[in-house]
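**Q** could you work out the structure for the sequence below:
(one chain, ligands or ions: 1)
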Amino acid sequence: MPSAPARVSESHRSLKQRQILVLNSEGSLLPLISQLNRDVVEAIKTEFGRDTEVFVEWLDLSRFHSKEYEGQLVEFLARKYNGQSLAGVVAVTEMSLRFAAAHRERLFPGTPVVHVAVRESEATRWNKMPGIYGEAVDYDPVPTIKFALEVHPGLKRVVVITGTAPFDRLWEGYIRMRAGQLEGRVQFDFWAGLSMAEIRQRLAGLGEDAVVLSPSLLSDGAGEWMIGGEALEKIAEVSPRPVYSVFAQRAVEVGAFGGIGPDYSQMGTRAARLLALAAAGQPVPLSGETAPSRAWFNWPQLKRWRIQESQLPPQSVIVNRVPTFLEAYWGRALTAVVIILVQSAFITALLIQWRRRQRAEEQLAVKRDELAHLTRVSLFGEISGTLSHELSQPLAAIKLGVEAAQMHVGLQGEGGETGRLLQNIARANDRACGLLERVRSMIRREPPSRRSFDFNESVREVLALMRGEFSTRKVTLIPNLSEAPLAIQGDPVQIQQVLVNLMLNGVEAMAASPAGQRRLEVETTSLGNGSASLVVTDQGPGFTPEVREKLFEPFFTTKKTGLGIGMSICKQIAEDHGGSIQALNAERGGATIRLVLPLTP
Ligand code: ADP
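**A** Numbers count the residues shown, from 1 in each chain. Okay, the predicted model is just below:
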């Protein structure tokens, strides 16, 4: 069951079938009026009940405005509604109100008439007549122009474009009347009754100091009808300046900038309420207030004229808003952000993994180097083992041969020089055997032999042994041995091995020096602190900081055919004997190696 508002009395509710007539002044194609018509019909159904029968007439009075047409229209309506018991009539816009008031007695005598969308001056006039009610609507252009003056600082002219239809003329007159209020602030130019082509042509030359106001253009100067808002659309399309309208709600939909005008959506509801009271025979309170206004703006136009939303009147309606990227695609944007985050996480994970792998590869490279090093060490061990084994037999044969020769010389009684030479061979052979033994014991990891011997004596033996080498290499040997014997506890062969290595390195370091500058000094000294030193000094290039740092590391060599183990063995031997070895650069150039060994107490 439909429900009527509380303030509507029982008598109204008891009406058999309520019938209401809505009179629209224009044709049904005028968008604003047709929208208003829909709102009114809906409001009537809400107010009077869903079963209310609503008749709608489109009087088309703007297009057909002859007396004859009007007379025939009245005749037609009188016949059409004869016998119907209308509970009320709604007249939409001023022209249908005039029509309804003029022909009320003939068409619907005694039936209350409520008007909608009628200006204040007209409303006040007609409301004085019994049975006619309605709230005025405020189409005042002044607030719109005031707004324009605020947001366009250089504004000097308002171009008012109107047409030739009676409704258009009505508007032209109204704006002329209101324009007086803004005298001195802005100038009004009226382009009334021009053809659309001319209007568009003139618009093209509009200066920066102007805005356009087009209240109504149903028919242009060429007699062309444009009732669906086409005129405003055509104007807005070419206007180089903002186009305002007092029918702002509709105007913004066809591309106008905007304006301040009545809020149509509420008009129908308010009219239906008044009609319900009037139909029920109750007093109709007319506050004299106008229907509420509101501002409407077109979003793309706000952007075009660089107007901020904060500059608009409160509760402005903005149409055709193009959502920002995030508003339009927030779902997709969120997905994209999530994908990017996930991707970033993956990339980070991959980078971490890659870095780890790089580190692992670096460690692997170090391991590989160590392995290569160990391989070389073991290879060296193997070669040394084989060499010492292979050499021990010919050396034993030499020993036997020398001994046999010595015996032979002894038997023949020929001592002298031959005997001394044989003795030298025997000693050298012994040293070679000792060296081999040492290598073997190194491989077997046996501790060095320990006995007391004279350090100077060992050095002298080496010097004698190497004399030939020195003369071949054109090296002058300068021995400087302490006079007192230096008793050392340890392995004389190992100590000699150290000395041989140091001397050979010195000789090799001087290979590039001129023959006269190849001097090698070998010095032994008792240090007076229970130890003795052996210092070998050459006149070669000395040690670079890098070489000095790595000198004693196994396999460190700067020579093409070097093995790089000599110095590391020297260091090991020095330490095995409780001593130390040091590499220095001599003050007058060249390298100095200093071996310090403890003396036997
Ligand atoms: P190798 O002689 O096989 O290279 P060493 O362990 O005896 O191995 O020497 C290591 C490196 O130390 C040499 O390659 C050389 O660069 C440097 N070195 C040793 N003695 C001298 C020296 N007297 N003068 C300059 N550089 C030297």
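**Q** when you work out contacts or count neighbours from here on, use the C-alpha atoms and nothing else.
**A** OK.
**Q** spatially, what comes nearest to Gln582 if we skip its sequence neighbours?
**A** Nearest residue to Gln582 in three dimensions, chain neighbours excluded: Arg594, at 5.2 Å (CA to CA, 6 or more residues apart in numbering).
**Q** okay, how far is it across stretch 195-213, tip to tip?
**A** For stretch 195-213, the first-to-last residue distance is 16 Å (CA to CA, to the nearest Å).
**Q** report all helices and strands that the helix or strand the residue nearest to Gln582 falls within contacts.
**A** In this assignment (DSSP states H and E), Arg594 forms part of strand 591-598. Applying 3 or more CA pairs under 8 Å, 6 or more residues apart in numbering; DSSP states H and E, one finds that strand 591-598 makes contact with strand 531-537, helix 566-576, strand 580-585.
**Q** quick one: secondary structure of Phe64?
**A** Following DSSP: H, G, I helix; E, B strand; the rest coil, we place Phe64 in the coil state.
**Q** any idea how far it is from the ligand?
**A** 119 Å (CA to the nearest ligand atom, to the nearest Å).
**Q** any idea how many residues pack against that residue?
**A** 14 (other CA atoms under 10 Å).
**Q** contacting residues around it?
**A** By CA atoms under 8 Å, 6 or more residues apart in numbering, no residues touch Phe64.
**Q** going forward, count from 208.
**A** All set: I'll call the first residue 208, so the last point we hit is now Phe271.
**Q** show me what from the stretch 708-808 of the chain comes close to the ligand.
**A** 712-713, 716, 747, 749-750, 758, 763-766, 769-775, 798 (CA under 6 Å from any ligand atom).
**Q** mean confidence for the longest helix seen in the chain?
**A** In the chain, ranked by residue count with DSSP state H as the criterion, the top helix is helix 532-618. Computed over helix 532-618, the mean pLDDT rounds to 80.
**Q** now for the closest residue in space to Ala793 that isn't next to it in sequence: which residues touch it?
**A** For Ala793, ignoring the flanking residues on the chain, the nearest one in space by CA to CA, 6+ apart is Thr799 at 5.6 Å. Contact partners of Thr799, counting by CA under 8 Å, 6+ apart, are Val742, Val743, Thr744, Asp745, Gly749, Ala790, Leu791, Asn792, Ala793.
**Q** hmm, back to that, and the longest helix of the chain, what does it pack onto?
**A** Counting by 3+ CA pairs under 8 Å, 6+ apart, helix 532-618 packs on helix 623-651.
**Q** go through the helix it packs on and flag the buried ones.
**A** 626, 629, 631-633, 635-647 (16 or more other CA atoms under 10 Å).
**Q** which neighbouring elements make contact with that helix?
**A** Partner elements for helix 623-651 (3+ CA pairs under 8 Å, 6+ apart): helix 532-618, helix 699-716.
**Q** one step back: now the angle from the strand holding Arg801 to strand 738-744?
**A** Relative orientation of strand 798-805 and strand 738-744, computed by axes from the mean of the first three to the mean of the last three CA atoms, to 10 degrees: 170 degrees.
**Q** what about strand 798-805, average pLDDT?
**A** Averaged across strand 798-805, the pLDDT comes to 96.
**Q** number of residues surrounding the closest residue to the ligand within the stretch 208-357 of the chain?
**A** The ligand sits closest to Glu357 of the stretch 208-357 of the chain, with a gap of 91.1 Å, by CA to the nearest ligand atom. Applying other CA under 10 Å, we find 12 other residues in the vicinity of Glu357.
**Q** next SSE downstream of the host helix or strand of it?
**A** Here Glu357, judged by DSSP H and E, is contained in helix 349-358. Downstream of helix 349-358, the first helix or strand assigned by DSSP H and E is strand 364-369.
**Q** next, the angle helix 349-358 makes with that next one.
**A** 140 degrees.
**Q** and the helix or strand just after strand 364-369, what does it pack against?
**A** For strand 364-369, the succeeding helix or strand toward the C-terminus, using DSSP H and E, is helix 373-386. If you count contacts as 3+ CA pairs under 8 Å, 6+ apart, helix 373-386 packs onto strand 364-369, strand 417-423.
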